[in-house]
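Asks: for reference, the sequence and a predicted model appear below.
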Amino acid sequence: MKHIISFIVNISKAIAAFGIAAGVALAFVNVVARYIFESSLTWASELTIYLFLWSTFFGAVYCFKKDAHISVDLLLEKVSPALKKSLILITLLISTIYVAAIAYFGYQYVLLYIDLGEISVDLNIPLWIPYVVVPISFTFSAIVLLYKIINIITTPANEIKIKSEAEQTLEEFDSEKLLKKVHQKTGGML
């Protein structure tokens, strides 16, 4: 199961990064074409929107894995470990139901667009193609959340720790690797 989650998260991270990079590059090229060459790419605006949309939804999958979504954990720090575990499980369960419902209804929406045969105005592609991001990304999110639920259930209450994204990232590096990365990023200034 851990390998499946890792695959889902890595794919989501790659799609999100590609969507942002390609969207920014395409928007830049279109601005240059419009203001310097006085002719724009008519399809670039629509594609940029779809790229950012895909990067947002797949970025959300990555954020579920890294606990990077906005949360208020002040209460969790004040309650007993058993109550903390229960509250986390309730939160994860509600989140899972919510994203699974969006995945299901997103799937229904895509089927509707396939039946209608709607075509995008500028790209001239079936509209279900850009909209398929909803059921796929929300299904990925539901899978990641289910994995988190299993981890919380199997972890003793007194061992559950709430870690920020920064703390999780630091744990992924061993100290030697981290020092090399810091040295590389700072040019040896630290």
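Replies: Okay, I see it. Since this is a predicted model, take the numbers as computed values, not measurements.
Asks: moving C-terminal from the helix of greatest length in the chain, which element do we reach first?
Replies: Determined from DSSP state H, the single longest helix within the chain is helix 81-116. Using DSSP states H and E, the next helix or strand after helix 81-116 towards the C-terminus is helix 128-131.
Asks: distance from that following helix to the middle of the chain?
Replies: Helix 128-131 has its average C-alpha position 18 Å from the chain's average C-alpha position, going by Cα atoms, centre = their mean, to the nearest Å.
Asks: after it, next one along is what?
Replies: Trace forward from helix 128-131 with DSSP H and E and the next one is helix 133-154.
Asks: got the angle for that next one vs helix 81-116?
Replies: Here the directions of helix 133-154 and helix 81-116 differ by 160 degrees (axes from the mean of the first three to the mean of the last three Cα atoms, to 10 degrees).
Asks: helices or strands next to helix 133-154 in the packing?
Replies: helix 2-35, helix 44-66, helix 81-116 (3 or more Cβ pairs under 8 Å, 6 or more residues apart in numbering; DSSP states H and E). Heads up, the C-betas are built off the backbone N, CA and C, glycines and all.
Asks: tell me which of those sits most buried.
Replies: Scoring the helices and strands packed on helix 133-154 by mean neighbour count under mean count of other Cβ atoms under 10 Å gives helix 44-66 as the most buried, with a mean of 20.
Asks: ok, and what's touching that one?
Replies: 5, 8-9, 11-13, 15-20, 22-23, 26-27, 29-30, 68-69, 95, 120-123, 130, 133-134, 137-138, 140-141, 144-145, 148, 165, 168-169 (Cβ atoms under 8 Å, 6 or more residues apart in numbering).
Asks: mind putting the helices and strands packed on helix 133-154 in CSV, distance to E159 and mean pLDDT included?
Replies: Listed next are the helices and strands packed on helix 133-154 as CSV, based on distance: least, Cβ to Cβ, whole Å; pLDDT from 0 to 100:
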stretch, distance to E159, mean pLDDT
helix 2-35, 18, 94
helix 44-66, 19, 94
helix 81-116, 8, 95
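Asks: ok, back up a step: what angle do the longest helix of the chain and helix 44-66 make?
Replies: Using the same axes, to 10 degrees: helix 81-116 against helix 44-66 is 150 degrees.
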